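Trainee: Okay, predicted coordinates and the sequence, questions at the end:
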Amino acid sequence: MEHHFADCTLDDSRLTLTRGGSAVAVEPKVFDLIHLLVRNAGDLVTRDRMVDEVWGGRIVSESAISACIAAARKAVGDTGKAQAVIRTVARRGLMLLAEVSGEAVTPVAVAARAIPAAAQRIRYCHSEDGRAIAYAVSGEGPPVLRFGPPLTNDLEMEWAHGLHRSSISSMELHARYLRFDNVGSGQSERVLRDIDFETEARDAAEVANAVGFERFAAVSFSGGCLPALNFAALYPERLTRLAIVGGYVEGRSRRSADASPDALKSMIAEGWARPASAFASAFMTSYFPEGPAEEAREILREMQAACPPEAMLRDRDAINDATVAHLLDQVRCPVLILHARDDAVHPLSQAQKLAAGIPRAELVVLETANHIPLYGSPCWESYNYTLAEFLTG
């Protein structure tokens with residue numbers, strides 16, 4: 001069924017939303033909220049009903065609900081100030097103001113009128129030492145560059161997988177989002193290169209140059225904070241703001257004089273080449289103890305495909321011995337640090353150390369044990385909204 005309202009069309013059989021004839025990327029819960037409002041156009045939809053139908057009756061924070069509402073408004077071209085399409089009824093709920101008309105779509109009509117998901121376009125540039133770097137850019141809005149965990153991303157696999165598509169789609173709603181694979185992994189040139197985080201920062205600069213990003217925001221995930229902070233120190237005039245998710249100041253070997261052997265490295269050595277091995281599963285459970293399990297398995301499959309075991313082991317040694325303590329006071333842009341309260345891989349104390357060392361940095365503590373929030377976790381919506389709001393100002 002197609003539902004037409006304002007300049008939007010919501011197709012609940014194909015789970016698509018278009019505005020002005022163009023496809024709009026929305027997260028599943030945002031789509032479900034819009035669908036709920038469309039089906040009850042002109043009627044009050046209470047917050048209790050939203051929680052029941054969109055979140056399945058689970059306990060959900062007010063910030064998560066507010067983030068979902070804000071994303072729904074943005075998706076239909078509305079704002080919290082204008083409220084021309086979605087009106088807030090104070091202390092009660094929401095109401096869709098636009099008139100809605102419905103139209104059943106036959107299979108033939110679907111084939112003729114459906115707007116397919118855009119195909120990802122991967123391009124290449126070259127590092128200073130001549131290595132090919134794969135990158136892709138999508139979405140509209142202020143420019144944002146991603147520093148992913150070193151050697152664990154694959155542009156093609158993350159575009160195809162549900163978890164990453166949810167994360168990418170969330171960012172595409174707000175920004176022109178630039179992602180790239182590190183040299184030695186993913187779709188970039190597969191070569192064993194000496195691991196140096198300043199070199200990786202310079203690689204990122206080459207990618208930004210190729211796309212035409214002069215000044216831009218950046219987001220780093222996990223070990224991606226190491227090249228990201230090097231970039232902030234090397235190119236202070238180019239970075240407008242930096243978000244650090246699951247970051248740290250010191251690798252585990254530097255955190256104490258009597259650091260125990262790296263169990264995660266042993267898991268990589270024993271299980272990286274065997275996708276279904278117990279060692280590989282234990283590795284992912286360390287990072288994502290709360291699951292969902294299928295999402296964690298999806299990440300594991302991507303990481304195993306992104307680089308061979310020998311490269312991953314070299315990377316593990318490099319990040320264990322890394323420190324960015326000397327760079328913190330050189331960061332000049334606004335910085336937001338998001339970190340899981342119960343992260344067992346990189347403890348919250350490391351995020352606190354980042355926040356204390358970077359001038360005027362802010363810290364947001366996420367209520368999860370997962371190293372990085374996964375789609376389906378209670379803090380997912382508020383995390384995504386907070387991240388996008390900061391990066392795009």
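Mentor: The structure has been received and is ready for your questions.
Trainee: Quick check: phi and psi at the closest residue to residue 7 other than its chain neighbours.
Mentor: Residue nearest to residue 7 in three dimensions, not counting chain neighbours: residue 20, with 5.1 Å by C-beta to C-beta, 6 or more residues apart in numbering. All C-beta spots, glycine's among them, are computed from the backbone N, C-alpha and C. Geometry field for residue 20 lists phi and psi as phi 60, psi 30, criterion degrees, to the nearest 10.
Trainee: and residue 20, how many residues sit next to it?
Mentor: 10 (other C-beta atoms under 10 Å).
Trainee: isn't it right up against residue 76?
Mentor: No - with contact defined as C-beta atoms under 8 Å, residue 20 does not reach residue 76; the gap is 10.7 Å.
Trainee: How much space separates the closest residue to residue 369 other than its chain neighbours from residue 290?
Mentor: Leaving aside its chain neighbours, residue 369 sits nearest to residue 342 (3.8 Å; criterion: C-beta to C-beta, 6+ apart). Taking C-beta to C-beta, to the nearest Å as the measure, residue 342 falls 9 Å from residue 290.
Trainee: now swap in residue 376 and tell me
Mentor: Residue 376 is 10 Å from residue 290, by C-beta to C-beta.
Trainee: Helices along this structure, start to end?
Mentor: 28-39, 47-54, 62-75, 107-113, 155-160, 162-172, 197-211, 225-234, 263-271, 278-287, 293-306, 309-320, 348-357, 380-392 (DSSP state H).
Trainee: Tabulate these (TSV), appending distance to residue 144, mean neighbour count and mean pLDDT.
Mentor: Below are those laid out as TSV (distance: least, C-beta to C-beta, whole Å; neighbours: other C-beta atoms under 10 Å; pLDDT from 0 to 100):
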stretch	distance to residue 144	mean neighbour count	mean pLDDT
helix 28-39	19	22	91
helix 47-54	27	16	91
helix 62-75	16	20	87
helix 107-113	32	10	37
helix 155-160	16	18	87
helix 162-172	7	20	73
helix 197-211	11	20	98
helix 225-234	12	26	98
helix 263-271	29	17	73
helix 278-287	24	18	81
helix 293-306	21	19	82
helix 309-320	23	18	87
helix 348-357	20	18	98
helix 380-392	5	22	87
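Trainee: Tell me which of those lies nearest to residue 183.
Mentor: For residue 183, the closest of these is helix 197-211, at 6.3 Å, according to C-beta to C-beta.
Trainee: before we move on, the earlier item: residue 86 is nearest to which of the helices of the chain?
Mentor: Smallest distance to residue 86 across the helices of the chain (C-beta to C-beta): 5.4 Å, for helix 62-75.
Trainee: Any chance you could list what contacts the closest one?
Mentor: By C-beta atoms under 8 Å, 6 or more residues apart in numbering, the list of residues contacting helix 62-75 from outside reads 17, 19, 24, 26-27, 29-30, 33-34, 37, 47, 50-51, 54, 79-80, 83, 85-86, 88, 94, 170, 173-174, 378-382, 384-386.
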